[in-house]
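[1] Fold the following, please.
(one chain, ligands or ions: 2)
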Amino acid sequence: MLLLENEQGANQEAIDEALITKLCLIKANKECLIADLVLPNAKVDVREKWLSHEDGMSLYAYFYRQLAWQQAHITLYGKQHKIPRLQAWYGDPNTAYKYSGLLMQPLAWDPVLKHLKTLCEETLNVCFNSVLANLYRDGSDSMGMHADDEPELGVNPTIASVSLGQTRRFTFKQKQSKESVKIELQHSSLLTMAGQTQTYWQHGMNKSRTQTGPRINFTFRFVHPA
Ligand SMILES: O=C(O)CCC(=O)C(=O)O
Ligand SMILES: [Fe+2]
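    Ligands and ions are numbered 1, 2, ... in the order given. So this is what the prediction gives:
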């Protein structure tokens, strides 16, 4: 019996190793179209079908199962609230990140997540050292309007945002005029926010009654070590 259990364990590990090797061979579509969003004082573009549909599905299934998803709490006016999504923060050892009063220590890179980072770096010619992973379990999970403008991201950060799973509507809102622009973030797409986007605009994702399937999003960043 013990032997059988050991054998099964070894087998499972072999499968995982093979799967990781396969996922680390995924390539991004170098020819995909780049659509620029027309937002004043911002630099935002979207690459739809940046990954093939099938590769995106395989990555989605792996990350859903494999990442250390947690439901964090934030404290607002002295009261604790569960944030309406699951999150995980991965990065190089010196990339602790403060977010809504939470100090998040990075988890060590998962090999497939590190590969996805490399694909973003190759596409954009930018270095990243950390990523916030978000899992929106259904349409009632969301992210409030915010700018990724923490000092540790530096001036005019480039942020690469990869979407897998359910398409969700994403909103940009100009900080001063409150003008808003909505786009649909599709499975396997890459959205890039750069230049002065975080200075002049907020972004976020409302709850949805129609877009109810689960979605995973990664925002790759470069955190300047403290
Ligand atoms: O889920 C998304 O598309 C956006 C996530 C985001 O804005 C963030 O992680 O800062
Ligand atoms: Fe953000």
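
[2] Please make it C-alpha for all contacts and neighbour counts, starting now.
    Noted.

[3] In this structure Gln70 contacts Trp89, no?
    No: counting by CA atoms under 8 Å, Gln70 sits too far from Trp89 to count as a contact (9.7 Å).

[4] Neighbour count for these two, which is higher?
    Trp89 (24 against 14; other CA atoms under 10 Å).

[5] State the pLDDT value of that one.
    Trp89 carries a pLDDT value of 95.

[6] where's it relative to Gly213, distance?
    Distance, Trp89 to Gly213, by CA to CA, to the nearest Å: 22 Å.

[7] Then Tyr200?
    For Tyr200, the distance to Gly213 (CA to CA) stands at 31 Å.

[8] And for His146?
    23 Å.

[9] Same check on Lys79?
    As judged by CA to CA, Lys79 and Gly213 stand 30 Å apart.

[10] Check which element follows the helix or strand of the chain with the lowest mean pLDDT along the chain.
    Least confident helix or strand of the chain, by mean pLDDT, DSSP states H and E, is helix 2-23 with a mean of 73. The element immediately downstream of helix 2-23 (helix or strand, assigned by DSSP states H and E) is strand 34-36.

[11] Spell out which residues belonging to the protein are near ligand 1, please.
    132, 148, 204, 217, 219 (CA under 6 Å from any ligand atom).

[12] Do I have it right that the second one meets Gln198?
    Yes: in this structure, Asp148 is within contact of Gln198 by CA under 8 Å, at 5.9 Å.

[13] Those two: which has the busier surroundings?
    A count of neighbours by other CA under 10 Å puts Gln198 above the other of Asp148 and Gln198, at 25 against 19.

[14] Am I right that that one is in a helix?
    Yes: the assignment for Gln198 by DSSP: H, G, I helix; E, B strand; the rest coil puts it in a helix.

[15] so who does it touch?
    42, 147-149, 156-157 (CA atoms under 8 Å, 6 or more residues apart in numbering).

[16] change it to 7 Å
    Shown in contact with Gln198 (CA atoms under 7 Å, 6 or more residues apart in numbering): 147-149.

[17] Just give the closest residue to it, not the sequence neighbours.
    Excluding the flanking residues, the one nearest Gln198 by CA to CA, 6 or more residues apart in numbering is Ala147, at 5.2 Å.

[18] Report the contact partners of the one you found.
    Contacts here follow CA under 7 Å, 6+ apart; on that basis Ala147 touches 198, 201-203.

[19] ok, 8 Å please
    Ala147 makes contact with 198-199, 201-203, according to CA under 8 Å, 6+ apart.

[20] Please dump those residues into CSV; it should also carry distance to Pro106 and pLDDT for every row.
    Output for these, formatted as CSV (distance: CA to CA, whole Å; pLDDT from 0 to 100):
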residue, distance to Pro106, pLDDT
Gln198, 23, 98
Thr199, 25, 98
Trp201, 27, 98
Gln202, 25, 98
His203, 23, 98
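
[21] Need the CA coordinates for stretch 116-132. CSV is fine.
    What follows is stretch 116-132, C-alpha atoms only, in CSV (Å, rounded to 0.1, in the frame of the first residue of the first chain):
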residue,chain,number,x,y,z
LEU,A,116,5.1,34.6,-18.5
LYS,A,117,7.1,37.5,-17.1
THR,A,118,9.9,36.8,-19.7
LEU,A,119,7.3,36.8,-22.5
CYS,A,120,6.0,40.3,-21.3
GLU,A,121,9.6,41.5,-21.1
GLU,A,122,10.4,40.3,-24.6
THR,A,123,7.3,41.8,-26.1
LEU,A,124,7.7,45.2,-24.4
ASN,A,125,11.5,45.5,-24.0
VAL,A,126,11.0,46.3,-20.3
CYS,A,127,12.3,44.6,-17.1
PHE,A,128,9.8,43.4,-14.5
ASN,A,129,10.7,42.0,-11.0
SER,A,130,7.3,41.3,-9.5
VAL,A,131,3.7,40.6,-10.2
LEU,A,132,0.4,41.0,-8.5
